[in-house]
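Student: the following comprises the amino acid sequence and a computationally predicted model.
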Amino acid sequence: MKIAMACDKKGSLKSEIAEHFGQAENFLVYDTNLDKFIIEKNPEFLGKQELPPDFLHRLGVNTVITFGLGPRAYEKFRGYKIKMYKAIEKNISENIEALQKNKLHQLSKEDIF
């Protein structure tokens, strides 16, 4: 499974998840099969025309952990069948662990703004 989370500046597993998904500088993409992660620049932050859901889908991401999404991103992720989970106020590593222990909830309508 490939899990994506938005993060600012230099991302690491100890980083906090960024508050604003689409405006974050970077995405940390964690591959549970390889137990490794990569940091990718958010194309929207760089001023490119590719939207984050399209970019992350192209990277093979199948799960996103975030505090919330806009309606357009939410619908795009749904269209790609990418699961969306509500982040907790912990670092990236702790959110991954919570997801693997089934302790994160899927995003609800209240998380769409």
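Tutor: Sure thing, it's come through.
Student: any chance you could map the strands in this protein?
Tutor: 2-7, 26-31, 36-41, 63-66, 83-86 (DSSP state E).
Student: got these as TSV, with mean neighbour count, mean pLDDT and distance to residue 47 columns?
Tutor: Bear in mind the C-beta positions are built from the backbone N, C-alpha and C, glycine included. Shown next, in TSV, are those (neighbours: other C-beta atoms under 10 Å; pLDDT from 0 to 100; distance: least, C-beta to C-beta, whole Å):
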stretch	mean neighbour count	mean pLDDT	distance to residue 47
strand 2-7	25	97	17
strand 26-31	21	97	15
strand 36-41	15	96	11
strand 63-66	24	98	21
strand 83-86	19	98	25
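Student: could you dump those into JSON lines with distance to residue 100 added?
Tutor: As requested, the strands of the chain are arranged in JSON lines below (distance: least, C-beta to C-beta, whole Å):
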{"stretch": "strand 2-7", "distance to residue 100": "9"}
{"stretch": "strand 26-31", "distance to residue 100": "10"}
{"stretch": "strand 36-41", "distance to residue 100": "14"}
{"stretch": "strand 63-66", "distance to residue 100": "11"}
{"stretch": "strand 83-86", "distance to residue 100": "11"}
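Student: so which of these gets nearest residue 101?
Tutor: Of all the strands of the chain, it is strand 83-86 that lies closest to residue 101, at 12.1 Å by C-beta to C-beta.
Student: outside of the closest one itself, list whatever touches it.
Tutor: 62-69, 74, 77-78, 99, 104-108, 111 (C-beta atoms under 8 Å, 6 or more residues apart in numbering).
Student: can you do 10 Å?
Tutor: 1, 3, 5, 21, 53, 61-69, 73-74, 77-78, 95, 98-99, 103-108, 110-112 (C-beta atoms under 10 Å, 6 or more residues apart in numbering).
Student: tell me the buried residues within the residues you listed.
Tutor: Neighbour-count burial (16 or more other C-beta atoms under 10 Å) is assigned, among the contacts of strand 83-86, to 3, 5, 21, 53, 61, 63-69, 73-74, 77, 95, 98-99, 104, 107, 111.
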